[in-house]
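In: Give me a model of this one.
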Amino acid sequence: MASKHAKTFAIPPETSLLLTDLTKETLRASTYGSDIKSLEDLYAFCYQYFMDAIERRENPEVGEPEPARMSNEDLIDKVGALFEQADQDGNGFLDRKEFKACLKASGLGFTKKEINVMMTEVDLDGDGKITYEEFVPMCFSML
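Out: As a prediction, the model looks like this:
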């Protein structure tokens, strides 16, 4: 229950677009020879991205950055490669251990509880296995 003394606030409507753009730029950067090789690199990338966004907001004459250059086909290829890499035993699906390792390796900082919730939500048929067909929509929903 929220405190009656708590300040109310609203998330600016452009926030979801900003996060979507950040995710696309991060995927693009990590795909095309980026220097993002560690969690610290990811933090630095995100920090710079947000600092640039603040600069554009405060100084509109700076202009917008070029849009992400990753096409839907490139995204699908990236997701497919990610799935294949995560499928350690090559059986065509991700078990709980592989799914958890995949999300941990993403560097997005998911907690154990968040991973368990995602596993439950993504595993549409409840068989404890994540198929490629179940995996792709999850990845795109994160964008």
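
In: The helix or strand containing Phe50: which residues count as buried?
Out: Applying DSSP states H and E as the criterion places Phe50 in helix 39-58. Using 16 or more other C-beta atoms under 10 Å as the test for burial, helix 39-58 gives Leu42, Phe45, Tyr49, Ala53. Placement of C-beta: from N, CA and C, glycine included.

In: from those residues, which is closest to Val122?
Out: The nearest member of these to Val122, counting by C-beta to C-beta, is Leu42 at 22.7 Å.

In: one step back: show me what the next helix or strand after the helix holding Phe50 is packed up against.
Out: Toward the C-terminal end, the helix or strand that comes next after helix 39-58 (DSSP H and E) is helix 72-86. For helix 72-86, the elements it packs on are helix 15-31, helix 96-105, helix 132-142, judged by 3 or more C-beta pairs under 8 Å, 6 or more residues apart in numbering; DSSP states H and E.

In: Please repeat the previous calculation with a cut-off of 10 Å.
Out: Here helix 72-86 touches helix 15-31, strand 93-94, helix 96-105, strand 130-131, helix 132-142, going by 3 or more C-beta pairs under 10 Å, 6 or more residues apart in numbering; DSSP states H and E.
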